[in-house]
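Undergrad: prediction below, plus the sequence it came from.
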Amino acid sequence: MPDRNNSLPPLEWIRVFEAAARCGSFTAAAAETGITQSAVSQRIAQLEKRLGTTLFHRHPRAITLTIEGEAWLPHVGSALDTLRDSSQALFGSGRRPLTISASQSVIDLWLTPRLAALTEIAGGQLAVQTMVLGSHDAPEDDVIRIRYGTGDWPHPYKLPLYPENIAPIAAPALTARGGHWNDWPRIACSGPRPGWPDWVARFGGGTTPVPHLRFDTFLSALGAARTGSGVLLGSLALCQDDLAAGRLEHLGPDCLEHHATYWIIAGQEALTRAQWADLTDIIA
């Protein structure tokens with residue numbers, strides 16, 4: 001009877017291949033697996049020699065999968081997922097403590113209403129970290145991160161929180177003045193979302209008045225809008241509780257769709273696949 005252990009490459013080589021293929025980089029695979037880039041390159045070379053085929057095309061600044069590598073990758077991913085799930089089911093608790101990192105705006109406006117469900121997913125052990133302003137890096141570690149972008153992170157777990165739709169909103173105290181909202185004071189918020197110039201370019205309305213209030217966080221700008229201090233271009237998804245409660249009003253039918261939004265992203269060390277499935281149910 002043949003020795004099946006000798007017919008399979010070492011699991012570590014296979015794990016490095018999967019990481020490199022998913023990340024598109026030996027450097028990123030090294031960071032994820034905790035070994036050096038040269039060690040990643042060596043393991044891939046050993047794996048290719050064992051299999052008798054080339055898995056990657058090496059370019060000066062990038063790697064791409066060969067046809068053989070592309071054909072093998074889904075089978076490798078499925079096998080690793082099965083091994084991970086069975087190990088967790090047999091030997092793990094199934095409810096790993098979770099750590100979520102997000103901006104204060106997302107924590108207050110999106111996470112807080114869902115704390116009960118998130119705590120249950122975390123088995124009663126949930127930690128929430130405030131993202132430092134301007135820190136948009138997203139290392140693949142044991143932290144679940146909520147970041148604004150287009151989803152181009154290498155993480156195996158990622159899902160947009162909601163479609164980003166932006167529209168002018170104001171408090172009833174301001175709308176009671178009468179007249180057209182184009183004549184009312186404006187509130188601006190720095191960040192990746194479109195601002196007043198983008199709104200005017202899309203929907204017209206003449207020269208954009210200079211906002212008399214500017215904030216560096218959406219949460220602060222939203223608080224100013226609640227007081228009737230001006231019109232804010234707000235993310236409708238983050239403002240839904242205020243809109244439903246009547247604290248703010250959507251001014252007119254127009255809405256600016258944006259290609260970027262908040263994504264929840266995580267590596268395999270941050271949570272189990274079962275927890276990720278539960279998390280996607282909350283997002284959906």
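TA: That came through fine. Numbers count the residues shown, from 1 in each chain.
Undergrad: please make it C-alpha for all contacts and neighbour counts, starting now.
TA: Fine.
Undergrad: can you give me the helices in this structure?
TA: 4-7, 11-23, 26-33, 37-51, 67-91, 104-106, 115-121, 172-175, 196-203, 218-226, 240-245, 273-283 (DSSP state H).
Undergrad: contacting residues around the second one?
TA: To tie it back to what came earlier, the one meant is helix 11-23. 26, 28-29, 32-33, 40, 43-44, 46-47, 64-65, 73, 76-77, 80, 154-156 (CA atoms under 8 Å, 6 or more residues apart in numbering).
Undergrad: can you mark which positions in that helix are buried?
TA: 13, 14, 15, 16, 17, 18, 19, 20, 21, 22, 23 (16 or more other CA atoms under 10 Å).
Undergrad: how distant is it from the center of its chain?
TA: Put simply, helix 11-23 sits 22 Å off its chain's centre (CA atoms, centre = their mean, to the nearest Å).
Undergrad: out of the helices of the chain, which gets nearest to residue 148?
TA: helix 104-106 (10.3 Å; CA to CA).
Undergrad: show me where pLDDT drops low in this structure?
TA: 1-6, 88-95, 132-137, 205-209 (pLDDT under 70).
Undergrad: could you list the domains of it?
TA: Domain ranges of the chain: 4-91, 98-162+261-283, 164-258, per automatic domain parsing.
Undergrad: quick check, distance from the first one to the centre of its chain.
TA: It stands for domain 4-91. Computed by CA atoms, centre = their mean, the chain-centroid distance of domain 4-91 equals 24 Å.
Undergrad: quick one, strands of the stretch 151-284 of the chain?
TA: 157-160, 164-170, 186-189, 213-215, 231-235, 249-250, 256-258, 261-266 (DSSP state E, counting those that start in this stretch).
Undergrad: pick the most buried one from those strands.
TA: Among the strands of the stretch 151-284 of the chain, strand 231-235 has the highest mean neighbour count (mean count of other CA atoms under 10 Å), at a mean of 27.
Undergrad: so what's the closest residue to residue 58 other than its chain neighbours up against?
TA: In this structure, residue 58 finds its nearest non-sequential neighbour in residue 64, 6.9 Å apart by CA to CA, 6 or more residues apart in numbering. By CA under 8 Å, 6+ apart, residue 64 lies in contact with 21, 24, 56, 57, 58.
Undergrad: tell me which of the residues you listed fall in strands.
TA: 56, 57, 58 (DSSP state E).
Undergrad: number of residues surrounding the last one?
TA: Spelled out, it's residue 58. By the measure other CA atoms under 10 Å, the count of residues near residue 58 is 12.
Undergrad: next up, phi/psi of residue 211, please.
TA: phi -60, psi 140 (degrees, to the nearest 10).
Undergrad: hang on, it packs against residue 188?
TA: Yes - with contacts counted by CA atoms under 8 Å, residue 211 reaches residue 188, the gap being 5.9 Å.
Undergrad: next one: stretch 187-204 to chain centre, how far?
TA: Taking CA atoms, centre = their mean, the mean C-alpha location of stretch 187-204 is offset from the chain mean by 23 Å.
Undergrad: what residues sit buried inside that stretch?
TA: Applying 16+ other CA under 10 Å to stretch 187-204 flags 187, 188, 189, 193, 194, 195, 196, 199 as buried.
Undergrad: do the same with stretch 214-223
TA: Of all the residues in stretch 214-223, those buried under the rule 16+ other CA under 10 Å are 217, 218, 219, 221, 222.
Undergrad: okay if I get those as CSV plus distance to residue 85?
TA: Supplementary listing: these in CSV, determined by distance: CA to CA, whole Å:
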residue, distance to residue 85
217, 39
218, 39
219, 39
221, 44
222, 42
